[in-house]
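1. Predicted model and sequence follow; I will ask about them next.
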Amino acid sequence: MWNSFKNKLVKLFFRVTKYLIFHHDYQAEHYRKGMEWFTSFLGYPRKKMQYNALEIDGMQAEWAIPDNRSNNRVILYLHGGGYAMGSIKSHRPLVTRLALASGSRVLSINYRLAPENKFPCALEDAIKAYEFILESGVKPKEIAIAGDSAGGGLTASTLMRIRDLGMEIPLAGICLSPWMDLEGADERMLEKAEEDPFIDLESIQIWGKRYAPDDLKNPYASPKYGDFTGVCPILIQVGTAEILYYDALALKQNCERDGVQYRFEEYPEMIHVFQTFGGFLQEADDAIAQIARFIAETAENPVREPQNV
């Protein structure tokens, strides 16, 4: 009951915030400052971590290294934010909890943001980061690629691009509430509109056009239209109270169609990227633990049948 109450508090916070301060006509920089402000309140155990800043061919990046590091694996993390906002800083709390749960290093990047940098800039930067990890001596089967929202869609696109470039595929992909269709064309999204306390269809359509105005159906921009044949196993996590629920289902269906090993986890009453509230919501902590478990199990037994959890 207590955890249900905390979930209601989170939803109330977003509804009030949206009502008081959110407008669709804000400039991208305004949204960016808003995300940085909100995420600054998210606590995380800094004393158990090391953070090392670096540059990858001019792109800002950061290693998050847990004191309990127990393996040689690396997670490349691609932050969410509609391709127009988000950063290493905004997602450091989630990245920290992911690193601690997995015992792995996590590399976060500040990929170029829209509308100043349109598609395929974010995808190019994700590939650049993957190449950097490989060149540092990490084996492909020791690398997982993860992301939330736009970063979840970017993760899906990156997995396809790695395959199409003929590069060795990574160990696993982790897609948290992935944004798969920049147009928001699935009419079923309206079924979730009232449940979602913050993300709405108009925002999805606006941000999609800001990122890829001329490529809304390009599979690398909207991976809903992509072929995933031959990519690595994918974990998909989504809340049932979010408008991108059907985007997550689209990725699940693509995996089934293309013979990709996957695990699909839905969390009742959870909102968009609820994993952000690790340390506050039990479901968030459970989901992060499941991510770590999925990576470890895939490393131990890479040949697994598709499954729906």
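-> Done, it's in.
2. Need the pLDDT of the spatially closest residue to residue 96 that is not a sequence neighbour.
-> Residue nearest to residue 96 in three dimensions, not counting chain neighbours: residue 44, with 4.3 Å by C-beta to C-beta, 6 or more residues apart in numbering. Placement of C-beta: from N, CA and C, glycine included. For residue 44, the pLDDT comes out at 92.
3. what sits against residue 44?
-> By C-beta atoms under 8 Å, 6 or more residues apart in numbering, the residues touching residue 44 are 92, 93, 96, 97, 278, 279.
4. part of a strand, is the third one?
-> Think residue 96. No. Counting by DSSP: H, G, I helix; E, B strand; the rest coil, residue 96 is not part of a strand but helix.
5. phi, psi of the residue nearest to residue 96?
-> phi -160, psi 150 (degrees, to the nearest 10).
6. separation between it and residue 232?
-> Distance, residue 44 to residue 232, by C-beta to C-beta, to the nearest Å: 28 Å.
7. again with residue 263
-> 12 Å.
8. what about the helices in the stretch 1-150 of the chain?
-> Here the stretch 1-150 of the chain has its helices, by DSSP state H, counting those that start in this stretch, at 2-21, 28-39, 92-102, 121-135, 150-164.
9. Any idea which of those gets closest to residue 239?
-> helix 2-21 (9.7 Å; C-beta to C-beta).
10. what's the average pLDDT for stretch 119-132?
-> 98.
11. typo on my end, it should be stretch 146-164
-> So the average pLDDT for stretch 146-164 ends up being 98.
12. low-scoring pLDDT stretches of the stretch 201-309 of the chain, where are they?
-> 302-309 (pLDDT under 70).
13. where do the helices sit along it?
-> Using DSSP H, counting those that start in this stretch, the helices of the stretch 201-309 of the chain run over 201-211, 245-258, 282-300.
14. by contact count, what packs against the longest one?
-> Identification of packing neighbours for helix 282-300 by 3 or more C-beta pairs under 8 Å, 6 or more residues apart in numbering; DSSP states H and E yields helix 2-21, helix 92-102, strand 143-148, strand 172-176, strand 234-239, strand 262-267.
15. Can you tell me which of those is nearest to residue 82?
-> Nearest of these (C-beta to C-beta): strand 143-148, 11.3 Å.
16. That closest one to helix 282-300, inter-axis angle?
-> 160 degrees (axes from the mean of the first three to the mean of the last three C-alpha atoms, to 10 degrees).
17. Export the helices of the stretch 201-309 of the chain to CSV and append columns for distance to residue 272 and mean neighbour count.
-> Shown next, in CSV, are the helices of the stretch 201-309 of the chain (distance: least, C-beta to C-beta, whole Å; neighbours: other C-beta atoms under 10 Å):
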stretch, distance to residue 272, mean neighbour count
helix 201-211, 11, 19
helix 245-258, 9, 20
helix 282-300, 12, 18
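18. Just send these back as JSON lines, with distance to residue 38 too.
-> Formatted as JSON lines, the helices of the stretch 201-309 of the chain follow (distance: least, C-beta to C-beta, whole Å):
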{"stretch": "helix 201-211", "distance to residue 38": "15"}
{"stretch": "helix 245-258", "distance to residue 38": "22"}
{"stretch": "helix 282-300", "distance to residue 38": "15"}
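19. what's the closest of these to residue 27?
-> Closest among these, using C-beta to C-beta: helix 201-211, at 10.7 Å.
20. Which stretch among the helices and strands packed on helix 282-300 is buried most, on average?
-> strand 172-176 (a mean of 30; mean count of other C-beta atoms under 10 Å).
21. Now find how far off-centre that strand is within its chain.
-> In this view, strand 172-176 has its centroid 7 Å away from the chain centroid, taken as C-alpha atoms, centre = their mean, to the nearest Å.
22. Please name the strands paired to that strand in the sheet, noting orientation.
-> Paired with strand 172-176 in the same sheet, following DSSP bridges, are strand 143-148 (parallel), strand 234-239 (parallel).
23. Can you add distance to residue 72 and give these back as a markdown table?
-> Formatted as a markdown table, the strands paired with strand 172-176 follow (distance: least, C-beta to C-beta, whole Å):
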| stretch | distance to residue 72 |
| --- | --- |
| strand 143-148 | 10 |
| strand 234-239 | 20 |
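24. All set now, cheers.
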